[in-house]
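Student: A structural model of the following input is requested.
(chains A and B)
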Amino acid sequence: MNTMPLYGATLLNLSLGLAVLSLLILTLYVKRGDYRLFLTGQRAALGASFLILLATTTLLASLVRGNFDVDFVARYTSSATPLTFKFAALWAGQSGSLLFWLLILSLYATIVIFQNRNRHRVLMPYVIITLVTIQLFFLLLVNFVSNPFAPVEVDFAIQDGLGLNPLLQNWVMAIHPPMLYLGYVGFSVPFAFAIASLLSGKLDALWVRTIRRWTLFTWLVLGCGVLLGGYWAYNELGWGGYWAWDPVENASLMPWLTGTAFVHSIIIQEKKNMLRVWNMILIIATFVLTIFGTFLTRSGVVSSVHSFTQSSLGPMFLGFVLLIVSVSVFLLVKRLQDLRSETRMKSFLSRESGFLFNNVIFVSLCFVVIWGTLFPIVSEAVRGTQISVGIPFFNQIAVPLGLLLLLLAGVGPLLAWRKTSRESLIRNFSVPVLIGLTAFLVSTFFGIRSFYPSVTIAFSFFVLGAIGLEFYRGIRVRMKKFRENIFQALMKMVSKNRSRYGGYIVHTGIVLMFIGFVGKAFDAEQDWTMRVGDEVRLADYTISLSNLREEERPNHYAWIASLVVTKGEREITRLYPEKRIYFHRNPDPNRRQPHSELDIYSTLKEDIYAVFGGIDTGENLVSMKIMVNRLVRWVWIGGYLLLLGTIIALWSPRKKLKS
Amino acid sequence: MKINRKFPVVIAGIAALLVLWVAVGFEGNELPYLTIEELQETGTSESAKRFRLGGNVQEGSVVRAEENPLDLSFNLSQGGETLPVRYHKIVPDMFKEGGEVIVEGYYVDGEFRADNLMTKCASRYEGDLREAESSG
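Tutor: Below you'll find the predicted structure:
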């Protein structure tokens, strides 16, 4: 008899008990004010987190050792699954992913408690109360609704386990979900500080300053998670795109959008003590969206390719969302008078209003995404038929809004705080506008005449011009004043004001991504049926199928096509897309899992993307999808800059915080 | 203080514009999810409209044209009704007889011409699985 499942389930029980205990003691502390109660409550919270860590380790050990009498282990691993993916199986299924969520929250809570052990005496009890409450919700789920240690069902007895889906056996898939989770769960901490500020009545900018780095880190990780998802879809799924407005993709985008608005608007609160109510609303909305996103993913309420089949989790998540919203709104209304700021906007042409418009657009964009995602449910409730709106709807609205945001990324930094004078307006804008216009004319000359691509190019270069101007001015001032050379001046300037210049680098990354998005308009794609020796033409390329091989490998059988890509007389590359059949020890050959392993030749200008669709072994005919996808690489390069810029911004020298 | 009062007005204006825009954006982008029965009732009068249908691939009904395996036809079955479907693109990996699929396209002359075919996950993989779409 294997005792591990029992051990794991007990750990989860104990953890639930400690979380409840911690809540009770901390509430008592808030009422009585005896500091020893605070310390005890804090220790109980740490204990609950530690037990969750132990429980996760137990599940991981079961996965690695292949305890197939645990349902979760049997469903998501097999004895043939490579070790890395045995770990990755932790977040491949429902109950495991809930435990994983809980683990990250516990790690975060522990870090927060240690970071602030001698600080923020007023806020911390409430911060811990909030975090433990969130923990409690997930603990209830893994204890009573979806237990990862549940034994295998009688009618589901498979000796060596089912194994992980081949689509998921990919390094990106091993790190994409954890990234998303790290990002999702990370917003719990700023949220907890916001709630603590409301509960304690300590409403100054302290909470915002305390969570600035935390928010940036979380925002970065979530952004990377979203990007990696796109990267995985592009490299593994074979439809040649990275974003399809799938409900679950949207679920990860929504908190990122409000989170981005928040990252911008807390600058205003730090610098001008404005937008205090607004920041509260934003962080509450962002946190709710992370929970709501989990609900969308896990409930299957919107038919999505990601959702787990039939689950009782839906109503519970919805209930939790309602609870958070009502408590938050109640607290906000109670403190509304104290939160109103005295400072007001002075002019439309000011940096403040630039930030404000940025926020309005980000939040609007988020609403559009929510509306488009939930519309099928709404229409089913109202009209009885499910109507989805599809990709065109999202593109139609999101593209112009995205372009407005892009424009603002250039306009914002050129505006002065409070009010921009006409002279400075002309002085600041002339060069970037000129650069944008030139880019527009050049691209028109080279044949880009459709509306959105032209506008994107003009805006992109305007923004690059604006950012370039900022760097140029900063460097010139230092060179004159301190007699430094260009390189020294650049390094000093950036290191003296890391959050500002890091932000500019992030914006540059976003511009490059937009340039990558433009490429989508010039893609070419065709499906073919080919025999060995056949030649096809796509864009400027000739692609010939030179060879077809078969190979038997440890857990699958593969047909490998050799495609020779030539342009004119010159051979550009050879591509080897594969069609695989995974065995999975299934006796029925029709039930075995086919999988297309695609091959990509990537350059800065374009990708040649080949997918082995299918094979008719009798006729020796293969179906092949070949695409020429323009500028895709710039999306990933933009992603790297986003990472670099945020890391620079995160590194800003630590300011002394007083509590 | 004049500007102060303008701010909310401007933002409300933007919001109103946006609502209008989103409402307009729905026109033509709606993709109703019908059953086979509903589709056959509405009939050919609606042949210019795109629909989305779900069902199972009838066992034994998948036929590929001899010279061109891309030319695929099969029967979609749902709640006792069946509907012939044609599709002329690479099918996703998870497409198989008996499997659950979603098709999008037009209903012309008693036949459904799908331009997009998505497969639902096989029951064995109820995990975090995103099937390949045949078009983006």
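
Student: Same question for stretch A:515-533: list its buried residues.
Tutor: With burial defined by 16 or more other Cβ atoms under 10 Å in any protein chain shown, the residues of stretch A:515-533 counted as buried are A:515-520, A:522-523, A:525, A:527-530. Just so you know, the C-beta spots here come from the backbone N, C-alpha and C atoms, and that holds for glycine as well.

Student: Give me the subset of those that also touch chain B.
Tutor: When contact is defined as Cβ under 8 Å from any Cβ of the partner chain, these meet chain B at A:527-529.

Student: which residues of the chain fall in strands?
Tutor: Defaulting to chain A. Using DSSP state E, the strands found in chain A span residues A:386-388, A:524-530, A:535-538, A:541-552, A:556-567, A:570-575, A:578-582, A:593-597, A:599-602, A:606-616, A:621-630.

Student: meant chain B, my bad for not saying
Tutor: Assignment of strands within chain B using DSSP E yields the ranges B:31-34, B:50-57, B:63-64, B:72-78, B:81-87, B:100-108, B:111-119.

Student: which outside residues touch stretch A:459-474?
Tutor: Judged by Cβ atoms under 8 Å, 6 or more residues apart in numbering or on different chains, the contacts made with stretch A:459-474 from elsewhere in the structure are A:403, A:406-407, A:409-411, A:413-414, A:428, A:431-436, A:438-440, A:489-490, A:493, A:501, A:504, A:507-508, A:511, A:514-515.

Student: re the thing from before, ok, which of the strands of chain B comes nearest chain A?
Tutor: strand B:31-34 (3.8 Å; Cβ to the nearest Cβ).

Student: List the strands paired with the closest one, with their directions.
Tutor: strand A:386-388 (antiparallel), strand B:50-57 (parallel) (DSSP bridges).

Student: Let me have the ones you listed in JSON lines, extended by mean pLDDT, distance to A:Leu198 and mean neighbour count.
Tutor: Below are the strands paired with strand B:31-34 laid out as JSON lines (pLDDT from 0 to 100; distance: least, Cβ to Cβ, whole Å; neighbours: other Cβ atoms under 10 Å in any protein chain shown):
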{"stretch": "strand A:386-388", "mean pLDDT": "78", "distance to A:Leu198": "38", "mean neighbour count": "21"}
{"stretch": "strand B:50-57", "mean pLDDT": "85", "distance to A:Leu198": "45", "mean neighbour count": "19"}
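
Student: Tell me which of the ones you listed lies nearest to B:Tyr33.
Tutor: Across the strands paired with strand B:31-34, the minimum distance to B:Tyr33, taken as Cβ to Cβ, is reached by strand A:386-388, at 3.8 Å.

Student: Identify the farthest-apart pair in the buried residues of stretch A:515-533.
Tutor: Taking Cβ to Cβ as the measure, these span a maximum distance of 35.1 Å, between A:Ile515 and A:Thr529.

Student: any low-confidence regions in the stretch 501-650 of chain A?
Tutor: Low-confidence regions of the stretch 501-650 of chain A, defined here as pLDDT under 70, cover residues A:584-591.

Student: check contacts around A:Leu222.
Tutor: Taking Cβ under 8 Å, 6+ apart, one finds A:179-180, A:182-184, A:186-187, A:252, A:255-256, A:259 in contact with A:Leu222.
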